[in-house]
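>>> Show me the folded form of this:
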Amino acid sequence: MGCKFTQLQCKEVICLGDGQRLGFISDVVVALPCGQVEAIVVPGPCRILGIAGRQDDYIIPFECIRQIGPDIVLVDICPDKCRTPRAKSALPF
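Numbers count the residues shown, from 1 in each chain. Next up, the predicted model:
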C-alpha cells in the first residue's frame, strides 16, 4: 500500500503504551539515495500557551509504527526516549 506525504501530514500520532496523543506528523526522514523512510517527525507540545515556542520534537523510527489508519498512526514507543532538541532558528528575531 502506498501513501503520499501529504496524506501522512493529516494523521495524528498516538502512542499505544499509554494512549498519549503526540500530535500530527510534520515531516519524514528519508534515506538517500534509496528513498526509504527511516522515521517520522512530530513537533513537540507548545510551551506557555504557544507564545514561548515548542518543546523538543519526537523522532519516531519507522519500525515503531504499528498501524497507519485513515485518521491516525499508532506507534509503540516511549515518548520520552524519542525526543530530540528542536533546531535553533537562524532568524535574528
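>>> Which residue is the nearest non-sequential neighbour of Val13?
Nearest-residue entry for Val13: Leu22, 4.4 Å, with adjacent residues in sequence omitted and distances by CB to CB, 6 or more residues apart in numbering. All C-beta atoms are positioned from the backbone trio N, CA, C, and that covers glycine.
>>> Secondary structure element holding that neighbour?
Following DSSP states H and E, one finds Leu22 within strand 21-24.
>>> any idea of the mean pLDDT for the following helix or strand past that strand?
Moving toward the C-terminus from strand 21-24, the next helix or strand (DSSP H and E) is strand 27-31. Average pLDDT, strand 27-31: 89.
>>> what do you get for stretch 6-21?
For stretch 6-21, mean pLDDT is 87.
>>> before we move on, back to that, what's the separation between the residue nearest to Val13 and Cys3?
Using CB to CB, to the nearest Å, one gets 18 Å for the distance from Leu22 to Cys3.
>>> Which of the two has more residues huddled nearby?
Taking other CB atoms under 10 Å, Leu22 and Cys3 do not tie; Leu22 has more neighbours (21 against 10).
>>> The more buried one contacts Ile14, correct?
Yes: look at Leu22 against Ile14 with CB atoms under 8 Å: they come within range, at 6.9 Å.
>>> which residues do these two both contact?
By CB atoms under 8 Å, 6 or more residues apart in numbering, Leu22 and Ile14 have these common neighbours: Val75.
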